[in-house]
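Trainee: A structural model of the following input is requested.
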Amino acid sequence: MNEKIYFNRLIETIKLVAAPADVQLSLFPDQVCKSDEIALTYDEFASKVDGCRLLSEPIKQEINELNILFSRLNKDEWSEEAVKDSPAWGILRKKASNILLSLNIEYTTPRLFWIKDI
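Mentor: As a prediction, the model looks like this:
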């Protein structure tokens, strides 16, 4: 994948994590586990961040810290209710928002246009 395309999709997935719960949940169909889809959509790009030359090392570190926060979610935090109400999901949103600020990118509703079938 072209590095610019990768970067743009990574940014959209960071916006997904930064989005308010109602926006996050509205982006996926009811038949899926929405909390899983949020994490998997983000991880698809965040897991490859080390190879991206368009990101500084401090930004890569921030993204890796967000990865760690996801890995620390316990089994009770993988539900729609948790996405809405769990302090851990609030921390994820805040961290993702801070990454956007570090990149000087304004939050807008995420556009996950490349996802065709969930």
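Trainee: can you name every helix or strand that the helix or strand hosting Ser35 contacts?
Mentor: Using DSSP states H and E, Ser35 maps to helix 34-46. For helix 34-46, the packing partners by 3 or more Cβ pairs under 8 Å, 6 or more residues apart in numbering; DSSP states H and E come out as helix 3-18, helix 21-26, helix 57-71, helix 80-85. Bear in mind the C-beta positions are built from the backbone N, C-alpha and C, glycine included.
Trainee: quick one: closest of those helices to Lys48.
Mentor: helix 3-18 (7.1 Å; Cβ to Cβ).
Trainee: show me what the closest one is in contact with.
Mentor: Here helix 3-18 makes contact (Cβ atoms under 8 Å, 6 or more residues apart in numbering) with 24, 27, 38, 41-42, 44-46, 48-49, 52-55, 63, 66, 92-93, 95-97, 99-100, 103, 105, 107-112, 114.
Trainee: could you dump the helices and strands packed on helix 34-46 into JSON lines and include mean pLDDT, distance to Cys33 and mean neighbour count?
Mentor: What follows is the helices and strands packed on helix 34-46, written out as JSON lines (pLDDT from 0 to 100; distance: least, Cβ to Cβ, whole Å; neighbours: other Cβ atoms under 10 Å):
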{"stretch": "helix 3-18", "mean pLDDT": "94", "distance to Cys33": "15", "mean neighbour count": "19"}
{"stretch": "helix 21-26", "mean pLDDT": "97", "distance to Cys33": "11", "mean neighbour count": "16"}
{"stretch": "helix 57-71", "mean pLDDT": "95", "distance to Cys33": "14", "mean neighbour count": "14"}
{"stretch": "helix 80-85", "mean pLDDT": "97", "distance to Cys33": "9", "mean neighbour count": "15"}
